[in-house]
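Engineer: structure of the sequence below:
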Amino acid sequence: MRAIEFLSIDNLADLIFVICAFTIGELRNKNKSKIKVLIDFMMFFKHRI
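Structural biologist: Predicted structure coming up:
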């Protein structure tokens, strides 16, 4: 069970990195819709859980 917990922590760290990457991408690319990226991320997060 601890191995699964560590794996979850690693996935969460990756998830945070993805959020940061999306945020930086949005700051650099104003053409994309921030709301669309947020929705895509929430869908991705739901599937991870």
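Engineer: what residues does stretch 36-49 touch?
Structural biologist: If you take CB atoms under 8 Å, 6 or more residues apart in numbering as the criterion, stretch 36-49 is touched by 11, 15, 18-19, 22, 25-26. To be clear about C-beta, it is placed using only N, CA and C from the backbone, and glycine gets the same treatment.
Engineer: now it: buried residues?
Structural biologist: Neighbour-count burial for stretch 36-49, counted by 16 or more other CB atoms under 10 Å, picks out Val37.
Engineer: coming back round to it: now, which of the contacts of stretch 36-49 lie within helices?
Structural biologist: Helix and strand membership here follows DSSP state H; of the contacts of stretch 36-49, those in helices are 11, 15, 18-19, 22, 25-26.
Engineer: in PyMOL, select just the buried ones from those residues.
Structural biologist: The command below creates a PyMOL selection of those among the ones in helices among the contacts of stretch 36-49 that count as buried (16+ other CB under 10 Å):
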select buried, resi 22
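Engineer: need the contacts of stretch 36-49 in JSON lines with distance to Lys36 and pLDDT, can you?
Structural biologist: Shown next, in JSON lines, are those (distance: CB to CB, whole Å; pLDDT from 0 to 100):
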{"residue": "Asn11", "distance to Lys36": "23", "pLDDT": "73"}
{"residue": "Leu15", "distance to Lys36": "18", "pLDDT": "78"}
{"residue": "Val18", "distance to Lys36": "15", "pLDDT": "78"}
{"residue": "Ile19", "distance to Lys36": "15", "pLDDT": "80"}
{"residue": "Phe22", "distance to Lys36": "11", "pLDDT": "77"}
{"residue": "Gly25", "distance to Lys36": "12", "pLDDT": "76"}
{"residue": "Glu26", "distance to Lys36": "10", "pLDDT": "72"}
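Engineer: reformat those as CSV; add distance to Leu38.
Structural biologist: As requested, the contacts of stretch 36-49 are arranged in CSV below (distance: CB to CB, whole Å):
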residue, distance to Leu38
Asn11, 19
Leu15, 14
Val18, 12
Ile19, 10
Phe22, 8
Gly25, 12
Glu26, 9
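Engineer: greatest separation within these: which pair is it?
Structural biologist: The span of the contacts of stretch 36-49, defined through CB to CB, is set by Asn11 and Glu26 at 22.4 Å.
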